[in-house]
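>>> no FASTA, just this:
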């Protein structure tokens, strides 16, 4: 720990900068062993070699087998074909996401973001374009001269409306504190920082208005469908970070309160939440399919 920071390390006690004892104990439990380090290294190497040797995960293989087989399906019921394909699509997303979460350390930050974004677009097909590193103007930090800001990822839907998305790797203990302050689990820095950053981006986009629509379009028109008009109309943000599978007792309730607080402008999702959403979609699609067969 000392190699990563340049300040005193305080564990427990009343100091404002101290690491709470429960968090420190959790840190000790999650320190990687030498075996784990070897495993992480092999996973990372496998990810690099995958591009050269064509090795695919089971989830990718299943999807490719289905796509190859799809051309041979009977054309007697187009509705059945489409429903079956949609089910296969969501099963692929769930399997791939589950597989990725088991080997997070095998991905660089950029590779993880790119892969997850591809899966997100499967789940939210209304978006037709993704713009990376989008330049926007901040007219408030410096009242004399506009400040340049850059949004990592901007989503454009089929109508040209703009939203933004923040994708973070699923580090553990990144959402709410394990210890309580006045009987409340408070947001961790990762969550609070992501929310604040997203809120600022939305603020600057709204203030930029029509001029911003034109400038973004003129700079990125080659990445957009022809003839589309960009619209900055109450944009929203999606934040994907952290895990909630190890929440204890009141943590889940307090985290839900935080999510609801920002629901009008932010959709805060954990990776476990995304898995549940996809699993629920799969279950309902299977129910509808079974009902159709019964009828």
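It's in. Computed from a prediction, not measured in an experiment: that's the story for all the values here.

>>> just the helices in the protein please.
With DSSP state H, the ranges of helices along the chain come out as 21-30, 34-53, 58-70, 78-101, 109-123, 189-220, 250-261, 271-294.

>>> return the distance of stretch 132-152 from the chain's centre.
24 Å (C-alpha atoms, centre = their mean, to the nearest Å).

>>> which regions of the stretch 1-150 of the chain lie under the pLDDT threshold?
The model of the stretch 1-150 of the chain has pLDDT under 70 over residues 36, 39-40, 42-44, 46-82.

>>> burial of residue 287, as a residue count?
10 (other C-beta atoms under 10 Å). In short, each C-beta sits where N, CA and C put it, glycine included.

>>> mind checking how far it is from residue 280?
11 Å (C-beta to C-beta, to the nearest Å).

>>> show me what residue 161 is bridged to.
residue 231 (DSSP bridges).

>>> tally of neighbours for it?
Number of residues near residue 161 (other C-beta under 10 Å) recorded here: 18.

>>> re earlier: out of the helices of the chain, which gets nearest to residue 129?
helix 189-220 (8.5 Å; C-beta to C-beta).

>>> tell me which other helices or strands that closest one touches.
Packing partners of helix 189-220 (3 or more C-beta pairs under 8 Å, 6 or more residues apart in numbering; DSSP states H and E): strand 127-138, strand 147-157, strand 162-167, strand 237-240, strand 266-269.

>>> how about CSV for the helices of the chain, with distance to residue 171 added?
Formatted as CSV, the helices of the chain follow (distance: least, C-beta to C-beta, whole Å):
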stretch, distance to residue 171
helix 21-30, 10
helix 34-53, 14
helix 58-70, 23
helix 78-101, 12
helix 109-123, 11
helix 189-220, 7
helix 250-261, 15
helix 271-294, 10
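
>>> out of those helices, the one nearest residue 143 is which?
helix 189-220 (12.9 Å).

>>> and residue 166, what does it touch?
Listed by C-beta atoms under 8 Å, 6 or more residues apart in numbering, the contact partners of residue 166 are 152-153, 194, 197-198, 237-241.

>>> residue contacts, residue 20?
By C-beta under 8 Å, 6+ apart, the residues touching residue 20 are 12, 177-179.

>>> out of these, list just those in strands.
Among those, none falls in strands (DSSP state E).

>>> from the residues you listed, keep the buried residues only.
Using 16 or more other C-beta atoms under 10 Å as the burial test, the contacts of residue 20 include 177-178 as buried.

>>> quick check, pLDDT for the residue most central in space within the chain.
The centroid of the chain falls nearest to residue 240 when counting by C-alpha atoms, centre = their mean (3.2 Å). Model confidence at residue 240, given as pLDDT, is 95.

>>> with residue 270 instead?
As predicted, residue 270 sits at a pLDDT of 93.

>>> and it, how many neighbours?
Around residue 270 there are 22 residues (other C-beta under 10 Å).

>>> and the nearest residue to it once chain neighbours are set aside, how many neighbours?
Residue nearest to residue 270 in three dimensions, not counting chain neighbours: residue 244, with 4.4 Å by C-beta to C-beta, 6 or more residues apart in numbering. Look at residue 244: counted by other C-beta under 10 Å, it has 17 neighbours.

>>> then residue 266?
As a burial measure, residue 266 scores 20 neighbours (other C-beta under 10 Å).

>>> list the residues that contact the nearest residue to it once chain neighbours are set aside.
Using C-beta to C-beta, 6+ apart and skipping residues adjacent in sequence, the residue nearest residue 266 is residue 237, 5.0 Å away. Taking C-beta under 8 Å, 6+ apart, we find residue 237 in contact with 163-166, 198-199, 201-202, 265-267.

>>> tell me the buried residues within the residues you listed.
Of the contacts of residue 237, these count as buried by 16+ other C-beta under 10 Å: 163-166, 198, 201-202, 266-267.

>>> ok, back up a step: which of the helices and strands packed on helix 189-220 sits closest to residue 186?
strand 266-269 (14.8 Å).

>>> if we can go back for a sec, quick one: closest of the helices of the chain to residue 136.
Nearest to residue 136 among those is helix 189-220; the distance by C-beta to C-beta comes to 5.5 Å.
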